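K.L.:
This is the structure alone, sequence omitted:
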């Protein structure tokens, strides 16, 4: 019985099968945590989505920005972008079943026994674990309700750039979504810089990598999203799993309890 976490799959189905086979993953007794971005940019988004869904309770996944993009096209009226590789999902006979399942997935997952939180991009230093879970639940409640279409129509945007407790409506939901699914660089005050995707040592002026700032909690955070980190944050507390499989890197899977990693070059 083992618990594994896997980095951004992004449609790299063959690499996903490879790392699962390397560890002899058994859904009858093992658990897989997905850090988000199951789909898009890779060649087999449909197969990847079907595989994770087929694992049932053996898979725990949080939503990434590419997963939300898929849902925004499906339910918010947005158009496919030139580099999207999502067409097969929309033409699949089980498309609605897959999309409904994806829409029900959370933005964060917290394992209290291990004191580990999983979020696609991480959580900002200005939020505790409890606060992050509470705010993520606000978004999930909307995704699962009648206002999901309105949310997806207005989801995109970089504003507000900073969290305030007084935020309401779509501004509140958008900034929560941006912290949890798009964040890389942040200011000490908590303002997001959402355009830079480069290495952490090349942070824009006035910003730092989100994980480099002091936190009030002492738990670990497992995340993906930031391929330029190449799986390294310099701290065991912050486990980066996006190793750029879809960009010619590799897909990384880690045993949460032993730290043992396996990878498949893409």
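P.N.:
Thanks, I have the structure now. What you see is a predicted model, and the numbers here were worked out from it, not measured in a lab.

K.L.:
hey, let's count contacts and neighbours off CA atoms from now on
P.N.:
OK.

K.L.:
Show me where the stretch 1-150 of the chain has its strands.
P.N.:
Listed in chain order, the strands of the stretch 1-150 of the chain (DSSP state E, counting those that start in this stretch) span 3-6, 31-34, 59-61, 108-111, 116-119.

K.L.:
same for the fourth one, what does it pack against?
P.N.:
By that I understand strand 108-111. With contacts taken as 3 or more Cα pairs under 8 Å, 6 or more residues apart in numbering; DSSP states H and E, strand 108-111 sits against strand 116-119, helix 129-143.

K.L.:
Now tabulate the strands of the stretch 1-150 of the chain in a markdown table and tack on mean neighbour count.
P.N.:
Formatted as a markdown table, these follow (neighbours: other Cα atoms under 10 Å):
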| stretch | mean neighbour count |
| --- | --- |
| strand 3-6 | 23 |
| strand 31-34 | 24 |
| strand 59-61 | 22 |
| strand 108-111 | 20 |
| strand 116-119 | 24 |
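
K.L.:
mind putting those strands in CSV, distance to residue 148 included?
P.N.:
Shown next, in CSV, are the strands of the stretch 1-150 of the chain (distance: least, Cα to Cα, whole Å):
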stretch, distance to residue 148
strand 3-6, 28
strand 31-34, 23
strand 59-61, 19
strand 108-111, 18
strand 116-119, 21
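
K.L.:
Export these to CSV and append columns for mean pLDDT.
P.N.:
Shown next, in CSV, are those (pLDDT from 0 to 100):
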stretch, mean pLDDT
strand 3-6, 98
strand 31-34, 98
strand 59-61, 98
strand 108-111, 98
strand 116-119, 98
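
K.L.:
which intervals of the stretch 101-250 of the chain have sub-threshold pLDDT?
P.N.:
For the stretch 101-250 of the chain, no stretch has pLDDT under 70.

K.L.:
quick one on the thing from earlier: looking at the helices and strands packed on strand 108-111, which is closest to residue 261?
P.N.:
strand 116-119 (17.2 Å; Cα to Cα).

K.L.:
Outside of that closest one itself, list whatever touches it.
P.N.:
Residues outside strand 116-119 that contact it (Cα atoms under 8 Å, 6 or more residues apart in numbering): 35-36, 62-63, 107-111, 129, 180-181, 219-224.

K.L.:
hang on, the earlier thing: save the helices and strands packed on strand 108-111 as a markdown table, and put in distance to residue 250 too.
P.N.:
Formatted as a markdown table, those follow (distance: least, Cα to Cα, whole Å):
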| stretch | distance to residue 250 |
| --- | --- |
| strand 116-119 | 20 |
| helix 129-143 | 29 |
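
K.L.:
List just the one of the ones you listed that sits closest to residue 197.
P.N.:
strand 116-119 (17.7 Å).

K.L.:
one step back: can you tell me which of the helices and strands packed on strand 108-111 is packed in deepest?
P.N.:
Neighbour counts averaged per stretch over the helices and strands packed on strand 108-111 are highest for strand 116-119, at a mean of 24; criterion: mean count of other Cα atoms under 10 Å.

K.L.:
Show me the strands paired with that one, marking each as parallel or antiparallel.
P.N.:
Strand 116-119 pairs in its sheet with strand 108-111 (antiparallel), strand 220-223 (parallel), by DSSP bridges.

K.L.:
Let me have those strands in CSV, adding distance to residue 171 as columns.
P.N.:
Shown next, in CSV, are the strands paired with strand 116-119 (distance: least, Cα to Cα, whole Å):
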stretch, distance to residue 171
strand 108-111, 19
strand 220-223, 24
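
K.L.:
quick one: residue 261 and residue 253 touch, right?
P.N.:
Yes. Counting by Cα atoms under 8 Å, residue 261 touches residue 253, with 5.6 Å between them.

K.L.:
more neighbours, the two?
P.N.:
residue 253 (27 against 15; other Cα atoms under 10 Å).

K.L.:
isn't there a helix covering that one?
P.N.:
No. Counting by DSSP: H, G, I helix; E, B strand; the rest coil, residue 253 falls outside a helix, being strand.

K.L.:
For residue 35, see how far away it is.
P.N.:
11 Å (Cα to Cα, to the nearest Å).

K.L.:
which neighbours do those two share?
P.N.:
Common neighbours of residue 253 and residue 35 (Cα under 8 Å, 6+ apart) are 5-7, 241.

K.L.:
follow-up on the earlier one: filter the contacts of strand 116-119 down to just the buried residues.
P.N.:
Buried members of the contacts of strand 116-119, scored by 16 or more other Cα atoms under 10 Å, are 35-36, 62-63, 107-110, 129, 180-181, 219-224.
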